[in-house]
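> Prediction below, plus the sequence it came from.
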Amino acid sequence: MLNKTEPLKDNITIVGAGPAGATASMFLSSFGIKHTLIDKAVFPRDKICGDALSGKVLPVLKKLNPGLIQELLVQNENCLGSNGILFGAPNGKTLEVPFKSVHSTINHAPGYVSKRIDFDYSLIKLLNPEYCNFLQGYEVKKITKREEEVTLNVINTQRNETYNVSSSLVIACDGAHSIFNKLFPDHKLDARHYCGGVRAYYSGVKGFHKENFIELHFLKEMLPGYFWIFPLPNGMANVGAGMLTHAISSKKVNLKEAMQLAIKNNPSIKDRFKDANIIGNIDGWGLPLGSKKRKLSGSRIILCGDAASMIDPFSGEGISNAMYCGMRAAETARDAVSNSDYSDSLLSGYDQFIYNRLWNELKLSHTLQRLCNYPTLFNFVVNKASKNETFRQTISCMFDDIDLREKLRKPSFYFKMLFG
């Protein structure tokens, strides 16, 4: 709890305790740096999401503590290991791509699916109170940025009392509707780089792959969007749909209705939902996509995860990129503290880290996203790729090791793969 009569002062404040913020906090604690972590919710709390955790989560956890992979994922009853991805083309043909390459040496699933209410809370329980002052139920209402500090006006959502929190540096992990990225002009909502999504939980969905492949179905009635089915523990499934905001607007699509009609009528889908039951409601949210480069930091502020518009443009997955951002933000903050330098020039190193690591992948995903505008071409690619073992293994390498992507940037690679 804050003392209302005296403003809280801490060198670093993290706003948002989702995967990006919790990861940043854990790394700062590992560096021995005290900090404040603020979230408007009280945990455990739900978060509308696809709930998929890609392989990029693993190296982040391994760097923090190798034992966390077993604790948080492999041996966690709230996590389901997934060994691959299934792409469904508009014509109903499918392409199965394992996450592991034939040369993989890991002895556990490379991907996982877990409800955010469970996964995020498991991260929260790892926060170190010796270094992290965690304030739940506090929402940032106003930012005052001065040359020497950033002051946040926060309100306790349970008691309706306001406080000030001043810091040398703010790591902003406050999601798609971040109050901080509004300070950066190039983060203004752009319907060409923003996606609308809806999600529901179902029980009784049939026909999952025996190795729990996640599924992306590019149904002809939902293009240029897609329909997903992700298996969850205890026979549950995360089911949803996503589409670019400009397409939703121009085509006047009701995404909830489109999702329900696909479940009811699409020949590739309907039989699997014959005995399924929806659990709860169909909920919607927005996804700021990482399909264009934006500034990710400025004087005394670093943006992470959804606040940094880091969601994959093709798959819609954002948790792994958020955790990678959180790790890199903490490392940049450590350098800023040691140098007593919170300037734009020092913090811009964070932007370079992020884009050097993720931009090729995001650019490739944006290319694949645009392919959805051409269903005939999409059908052709899936049909050819499903018969080409080299193509599948190369994509598997991309999932298994995110450094092996360079050849996927070159048009000549696709020509060779698809035509011999």
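Structure's in. What do you need? Quick caveat: nothing in here was measured; it's all calculated off a predicted structure.

> From residue 182, how far off is residue 157?
Look at residue 157 and residue 182: by Cβ to Cβ, to the nearest Å, they are 20 Å apart. For the C-beta atoms, the positions are set from N, CA and C on the backbone; glycine is no exception.

> Looking at these two, which is more packed in?
Shown here are residue 157 and residue 182; by other Cβ atoms under 10 Å, residue 157 has more neighbours (14 against 11).

> If we ignore the residues flanking it in sequence, what's nearest the more buried one?
residue 137 (5.0 Å; Cβ to Cβ, 6 or more residues apart in numbering).

> how close does that neighbour sit to residue 47?
16 Å.

> Likewise for residue 133?
23 Å.

> ok, now residue 118?
11 Å.

> And for residue 53?
From residue 53 across to residue 47, the span is 13 Å (Cβ to Cβ).

> For burial, what's the neighbour tally of residue 132?
The number of residues packed near residue 132 is 22, by other Cβ under 10 Å.

> Surely it touches residue 37?
Yes - applying Cβ atoms under 8 Å as the test, residue 132 and residue 37 come out as touching, 5.4 Å apart.

> my guess is residue 205 is in a helix, correct?
No - counting by DSSP: H, G, I helix; E, B strand; the rest coil, residue 205 is not part of a helix but coil.

> Quick check: nearest residue in space to it, chain neighbours excluded?
The nearest residue in space to residue 205 (Cβ to Cβ, 6+ apart) is residue 237, at 4.4 Å.

> next one: residue 264
residue 270 (6.2 Å).

> For that neighbour, give me the backbone phi and psi.
When read as degrees, to the nearest 10, the backbone of residue 270 gives phi -60, psi -40.

> And residue 16, by the same measure?
Per-residue torsions, residue 16: phi 110, psi 120 (degrees, to the nearest 10).

> you'd agree it is up against residue 175?
Yes - Residue 16 is within contact range of residue 175, at 6.1 Å (criterion: Cβ under 8 Å).

> Give me the common contacts of those two.
Common contact partners of residue 16 and residue 175 (Cβ atoms under 8 Å, 6 or more residues apart in numbering): 305, 307.

> in its sheet, what does the helix or strand containing the residue nearest to residue 205 sit against?
Following DSSP states H and E, one finds residue 237 within strand 236-244. In the sheet containing strand 236-244, its partner strands are strand 194-203 (antiparallel), strand 226-231 (antiparallel), by DSSP bridges.

> For residue 215, find the nearest of the ones you listed.
Residue 215 lies closest, by Cβ to Cβ, to one member of those: strand 226-231, at 4.5 Å.

> And that closest one, how far out from the chain middle?
Relative to its chain's centre, strand 226-231 lies at 15 Å (Cα atoms, centre = their mean, to the nearest Å).

> Same question for residue 357, what's its three-state structure.
Recorded secondary structure, residue 357: helix (three-state DSSP).

> surely it meets residue 324?
Yes - counting by Cβ under 8 Å, residue 357 does reach residue 324; the two are 6.9 Å apart.

> my guess is residue 216 meets residue 86, correct?
Yes - counting by Cβ under 8 Å, residue 216 touches residue 86, with 7.3 Å between them.

> When the two are compared, which one has more neighbours?
Between residue 216 and residue 86, counting by other Cβ under 10 Å, residue 216 is the more crowded of the two (19 against 16).

> List the contacts of that one.
The neighbours of residue 216, taking Cβ under 8 Å, 6+ apart as the test, are 85, 86, 87, 88, 226, 227, 228, 315.

> which outside residues touch the strand holding residue 237?
Contacts for strand 236-244 (Cβ under 8 Å, 6+ apart): 50-52, 113, 115, 191-192, 194-203, 205, 208, 222, 224-232, 253, 255, 258-259, 262-263, 276, 279, 287, 316, 369.

> Buried ones only from these, please, as a ChimeraX command.
Listed next is the ChimeraX selection for buried residues among those, using 16 or more other Cβ atoms under 10 Å:
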select :50,51,52,113,115,194,195,196,197,198,199,200,201,202,205,208,222,224,225,226,227,228,229,230,231,232,253,255,258,259,262,263,287,316,369
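
> where exactly do the helices run in the stretch 1-150 of the chain?
19-30, 57-64, 67-68, 116-124 (DSSP state H, counting those that start in this stretch).

> Can you add mean pLDDT and give these back as JSON lines?
Listed next are the helices of the stretch 1-150 of the chain as JSON lines, based on pLDDT from 0 to 100:
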{"stretch": "helix 19-30", "mean pLDDT": "98"}
{"stretch": "helix 57-64", "mean pLDDT": "95"}
{"stretch": "helix 67-68", "mean pLDDT": "96"}
{"stretch": "helix 116-124", "mean pLDDT": "98"}
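
> for the closest residue to residue 224 other than its chain neighbours, what are its contacts?
Excluding its sequence neighbours, the residue lying closest to residue 224 (Cβ to Cβ, 6+ apart) is residue 372, at 4.2 Å. By Cβ under 8 Å, 6+ apart, the residues touching residue 372 are 218, 223, 224, 225, 226, 378.

> Counting neighbours, what do you get for residue 36?
Counted with other Cβ under 10 Å, the neighbours of residue 36 add up to 23.

> For it, list the residues it contacts.
8, 10, 12, 13, 14, 132, 133, 134, 135, 165, 167.

> Ok, residue 326 next?
So residue 326 contacts 19-25, 27, 60, 171, 173, 304-305 (Cβ under 8 Å, 6+ apart).

> that's a helix at it, yeah?
Yes - assessed by three-state DSSP, residue 326 belongs to a helix.

> With that, I have no additional questions.
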